[in-house]
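> everything below, folded, please.
(2 chains)
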Amino acid sequence: MAELKLDELIGFGQRAVNVAIKKGASEAEAFLSRISGTSVNIERGQIVKSTKRTDQGLGIRAIYKKAVGFAYTNMLTRKNMEDTAVKAFKSAKASKPDENWIGLPSPRKASETKNTYDKQLTAISSDELVETASVMLNAAEGYDKRVLPIGGGVGTILASSAVVNSHGVEAYDEGTGIECSTETMAREAGEVTPVCFELNAERVYKIDPKWVGREAARQAISALKAKKIDSGTFPIIFTQQAFHSLLYYTLINAVKADYIQRERSALKGKIGEEIASNLVTVHDDGLLEGGLQTWKFDGEGVPSQKTLVVEKGILRHFLYNSYTANKIGVKSTGNAFRGGLAPYTSTPVLEATNFTFTQGNKSPENLINEIDDGLIVYNLQGAHSSNPESGEFSVVATPAWKIEKGSIAYAVKGAMLAGTIFDVLKSVSALGNNTRKIGRLVAPWIRIENVKVIGS
Amino acid sequence: MKDDLVKTVDYGRKLGADYVEIRTQRLFKTLLTTKDGRVEAAKEGTENGAGVRVLAKGAWGFVSLGKLDPKLLLEAVGEAFKLAKAASLETKTPVKLVETKTVEDKVVTKPRKDPREVPIEEKIDAALTMDKTIFNYDRRIKSCTIDYLDLTETNYFINSDGTYIQQDKLYVWSRIFSSAREANVFTSGREEIGSTSGFEVFDVETPEKVGTMIAKRIINQLKAKAPKGGTFPAVIDTNVVGVFIHEALGHLVEADLTLSGSVLSDKLGKKIASEAVTVYDDGTVEGAFGSFKYDDEGVPTQKTLLIKKGELVGLMHNRETAHKFNAEPTGNARAEDFRLEPIIRMRNTYLAPGNSTLEELIEDIDFGYYLKSFRGGQANLDGTFQVGIQEAYEIVKGQLGVPVRNASISGNTLETLHKVDAVGRDFKLWSGRCGKGQIAFICDGGSPIRVSEVIIGGGA
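Below you'll find the model as predicted:
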């Protein structure tokens, strides 16, 4: 299938912008994206499916008297693109002005990224992906007969995008990614474990499917013979998956300028104040080498950057897109995001990039050894039902294990954790040295003191 | 169109595929987001594309492309065949499909108010009226985000068994999210409206009615207290029953997950709930958000009985799982759009009515909780469920007491379903969206229940 090249994407974008301006738009922006991906899926212990997707499209923002209109299409003929630009303009005309609208971004010095593109991944065959999935599957099944690898797979992605606007912004980037994952359950004598999940996602072709399969299997076997526990207050180690799901619906929202400006964040007015233990330093690093969310520019063409969010417990900076930055006269931090399978279908939203915790110096074993009576939590259920404003959460820890006298004692079932994210941040007492990239989080294992656990 | 599709299917069969299926789509969308009374952007979009699925040598190959071009469709079938062959190298148990009756049909929508004919100004007005209603309710309201979507689809489905269906679809949806603050207390609430009938849904769920309901909820929550953590009796109203039935039971009886070894995998024909519990997944409810005539494998939808008086009697199937269970397909195979392959999804899932009034459910409880509205829910295949609650009240000596905020309930599906000791007579379906790697439009709900105990996760 014909692939659009850099010049063509930019050329299409410019034409669309010109049409909107000629119609009467005061400003216009074209966003073009193309995504293709191949994957091989595991279902119930076997490989039964392989898929391939390609899609490309154009989204246009047109501004008229401070009102914003948007239109998109994936039918990239010349006429369709022009029609889409006209539609965007008409939508702006039909909409209502926003007094806070200042403007689309102007050109800035471009940012450079490292290890976000690997040519090998653009030419990988489905046979090779089947082989990789098979290695992972065998590693899981070979670990123990009681394990069923119920899902997972291997997938690659090639994505390119371009942003062009009427102020002269002209940006283009392309990147690759590969991910392998395994979901497991174990069953024994009528007992069923919760789903255990392990993955390895990278931007370049450097993954370890054997480890993923084996580790997912290890967790499932270890989750057997789970016991209920009594309520109490415990120190807890959160692994990256658990911490990611907790932060994504709480802290990551609380540092977005949109939440601050709309009084939806408990961090409003707290720049310079201590909001976390002094062990906590967090950057939103849009330029992290090989980061899963690393791109040269954001969804409106602003160069990506590394933003200090929390420094030794002190809140330093919020995350901005152009709109929220313009509103208070500061610079966008490059956090306008367009994502999903078809990024051209949406206008940008404010989102974190690689939300990176500076790691500590304790090995994972060390973190466990130092706990006399506590829990280690690998995942959370229900984190999305946290209160995004107050940071209050009430979730099930699953899978999770009890730690007694410095070692993992047994799996725990049905334990709920309750608290607020801000108390959690203040109670960070140690960070591991085992940083991993999971979704938007880059962090090691983290130990939190005094978490309220509701047993049954 | 049909000739090209027939030719493409024939080509796949000639290559050696056992089954070929093509879905093509044209989608038209209008989207809006308003934040605190300002329109963030008024949006319109058109997309087309095709999803091509091939079964060969016992494995699936699926190719999606964002284009509709006869030549590319032929290439896609060839590609899907190759993918299936590659996957089949490691397939131990070949995939087989249950036989179904072939269908030729054309389904058109007949909205009273076709969203394509409603000017965008009117859609903006509906959202802004809702916004104004909410902000005017109380000065402690701090934010209001409203999303609006209408989606009209023209779909063609063809497969190598001889089924050919043209099916138009129509969805109107809105989500309202609002928050309030007083000193250091933050509260928030959300609500969704969804319909497959037309823009007329806003004549029933008027912006004023929905806006007032949300505003009242989050203002009441400002003076709410944190729940006690522990095990208590509870009355669970229709909205929370819906998400409980959907999450804690529904996903476990989607046959693909049942086969994966969910806690219900060996429970078909067995008692898994108290006698009071009867549950359906029903794709035939007129105008409901989870209704449609044919699923994305060309199988007619139906009203599927899942639990009959406590006994697990049915699962939700696609053609693959129906073959495995030697059952009839139930019409539950759905794909979000042409980019994704059909998988087993719920439609309108509900708990059937009993005969108690809400007062009767509450009056015998000495101390417990009344759970009125949910914020989100999630379940695990081992039966552990969690539902976050955005509106709840204490029950004290048979009466409703003070509001409670940020509660959540948890437990194990099998234990909790056995503890349902009474079912109310009210009945309501709530529109929502379910995520299982893809988004599906669904309803859930039914009638209120009383459970003798459930774990209440306390606030901080």
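
> domain parsing for the chain?
Picking chain A for this. Domain segmentation of chain A under automatic domain parsing yields A:6-222, A:232-454.

> I was after chain B.
B:2-222, B:230-457.

> return the most buried member of these.
Among these, the stretch with the highest mean neighbour count (mean count of other C-beta atoms under 10 Å in any protein chain shown) is domain B:230-457, at a mean of 22. (C-beta placed from N, C-alpha, C; glycine too.)

> span of it from start to end?
End-to-end span of domain B:230-457 (C-alpha to C-alpha, to the nearest Å): 7 Å.

> wait, residue B:361 touches residue B:451, no?
No: between residue B:361 and residue B:451 there is no contact under C-beta atoms under 8 Å: 10.1 Å.

> and residue B:352, what does it touch?
By C-beta atoms under 8 Å, 6 or more residues apart in numbering or on different chains, the contact list for residue B:352 reads B:278-280, B:423, B:446-447.

> what about it, distance to chain A?
Residue B:352 is 26 Å from chain A, where distance means C-beta to the nearest C-beta, to the nearest Å.

> what's the distance between that residue and residue A:33?
Distance, residue B:352 to residue A:33, using C-beta to C-beta, to the nearest Å: 46 Å.

> find me the pLDDT at residue B:457, would you?
Residue B:457 is assigned 82 on the pLDDT scale.

> do residue A:54 as well
On the pLDDT scale, residue A:54 is placed at 94.

> my guess is it is in a strand, correct?
Yes: counting by DSSP: H, G, I helix; E, B strand; the rest coil, residue A:54 is located in a strand.

> quick one: contacts for the closest residue to residue B:187 other than its chain neighbours?
If the residues on either side of it in the chain are set aside, residue B:187 comes closest to residue B:221, at 3.9 Å by C-beta to C-beta, 6 or more residues apart in numbering or on different chains. Contacts for residue B:221 (C-beta under 8 Å, 6+ apart) come out as B:180, B:187, B:189, B:390-391, B:403, B:405.

> strands - which of those land there?
Taking DSSP state E as the definition of strands, those contribute B:180, B:187, B:189, B:390-391, B:403.

> any chance of TSV for the residues you listed, columns pLDDT?
Listed next are the ones in strands among the contacts of residue B:221 as TSV, based on pLDDT from 0 to 100:
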residue	pLDDT
B:180	95
B:187	90
B:189	91
B:390	91
B:391	93
B:403	95
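
> for those, which one is nearest chain A?
Chain A has its nearest neighbour among the ones in strands among the contacts of residue B:221 in residue B:187, at 7.2 Å by C-beta to the nearest C-beta.

> spit out the contact partners of the residue in chain B that chain A sits nearest to.
Chain A sits closest to residue B:388 of chain B, with a gap of 2.3 Å, by C-beta to the nearest C-beta. By C-beta under 8 Å, 6+ apart, the residues touching residue B:388 are A:382, A:384-386, A:394, B:374-377, B:406-408.

> export those to CSV and append columns for secondary structure, pLDDT and distance to residue A:19.
Below are those laid out as CSV (DSSP: H, G, I helix; E, B strand; the rest coil; pLDDT from 0 to 100; distance: C-beta to C-beta, whole Å):
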residue, secondary structure, pLDDT, distance to residue A:19
A:382, coil, 88, 47
A:384, helix, 86, 40
A:385, helix, 83, 45
A:386, coil, 85, 44
A:394, strand, 88, 51
B:374, strand, 94, 46
B:375, strand, 90, 44
B:376, strand, 89, 42
B:377, strand, 90, 46
B:406, coil, 83, 50
B:407, strand, 86, 53
B:408, strand, 89, 51
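
> looking at those, spot the one nearest residue A:38.
Closest approach to residue A:38 among the contacts of residue B:388 (C-beta to C-beta): residue A:384, at 29.3 Å.

> what's the closest non-adjacent residue to residue B:363?
That would be residue B:398: by C-beta to C-beta, 6+ apart, it lies 4.2 Å from residue B:363.

> pretty sure the one you found is touching residue B:361, no?
No: applying C-beta under 8 Å as the test, residue B:398 and residue B:361 come out as separate, 10.2 Å apart.

> quick check: residue A:73 touching residue A:80?
Yes: counting by C-beta under 8 Å, residue A:80 is a contact partner of residue A:73 at 5.3 Å.

> more neighbours: which of these two?
Regarding residue A:73 and residue A:80, a neighbour count based on other C-beta atoms under 10 Å in any protein chain shown identifies residue A:73 as having more, with 24 against 14.

> chain neighbours aside, what residue packs nearest to that one?
residue A:84 (4.6 Å).

> can you give me the pLDDT of the one you found?
So, for residue A:84, pLDDT stands at 97.

> mind checking the SS state of it?
helix.

> which residues are in contact with it?
By C-beta under 8 Å, 6+ apart, residue A:84 lies in contact with A:16, A:58, A:60, A:71-73, B:46.

> one more time with 7 Å
Residues in contact with residue A:84 (C-beta atoms under 7 Å, 6 or more residues apart in numbering or on different chains) are A:16, A:58, A:60, A:71-73.

> hmm, residue B:77 and residue B:12 touching each other?
Yes: between residue B:12 and residue B:77 there is a contact at 4.3 Å, judged by C-beta atoms under 7 Å.

> quick one: the helices in the stretch 51-200 of chain A, in order.
For the stretch 51-200 of chain A, the helices defined by DSSP state H, counting those that start in this stretch occupy A:78-94, A:119-122, A:126-143.

> before we move on, back to that, if I pick the residue nearest to residue B:363, what's in contact with it?
Contacts of residue B:398 by C-beta under 7 Å, 6+ apart are B:362-365.

> ok so, going back, report the two of the contacts of residue B:388 separated the most.
So, the contacts of residue B:388 by C-beta to C-beta: farthest apart are A:384 and B:407, at 15.6 Å.

> helix or strand with the lowest mean pLDDT in chain B?
When the helices and strands of chain B are scored by mean pLDDT, DSSP states H and E, strand B:407-412 comes last with a mean of 90.

> please export the C-alpha coordinates of that one as PDB.
Extracted as PDB, the C-alpha positions of strand B:407-412 are listed here (Å, rounded to 0.1, in the frame of the first residue of the first chain):
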ATOM      1  CA  ALA B 407     -17.300   4.600  49.100                       C
ATOM      2  CA  SER B 408     -16.700   1.500  47.100                       C
ATOM      3  CA  ILE B 409     -18.000  -2.000  47.300                       C
ATOM      4  CA  SER B 410     -16.000  -5.200  46.800                       C
ATOM      5  CA  GLY B 411     -16.400  -8.900  47.200                       C
ATOM      6  CA  ASN B 412     -16.500 -12.100  45.200                       C
END
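
> any idea of the pLDDT on residue 226?
You didn't say which chain, so I picked chain A. On the pLDDT scale, residue A:226 gets 96.

> not what I meant, chain B
For residue B:226, the predicted pLDDT is 87.

> for it, grab the count of nearby residues.
Residue B:226: 15 neighbours (other C-beta under 10 Å).

> phi first, then psi, for it.
phi -70, psi 150 (degrees, to the nearest 10).

> and it, how close does it get to residue A:351?
Taking C-beta to C-beta, one finds residue B:226 at 30 Å from residue A:351.

> so for residue B:262, which of the domains of chain A sits nearest?
That would be, of the domains of chain A and by C-beta to C-beta, domain A:6-222, which comes in at 7.4 Å.

> give the pairing partners of the helix or strand containing residue B:378; include direction for each.
Assigning secondary structure by DSSP states H and E places residue B:378 in strand B:367-379. Strand pairing for strand B:367-379, determined by DSSP bridges: strand B:230-236 (parallel), strand B:384-396 (antiparallel).
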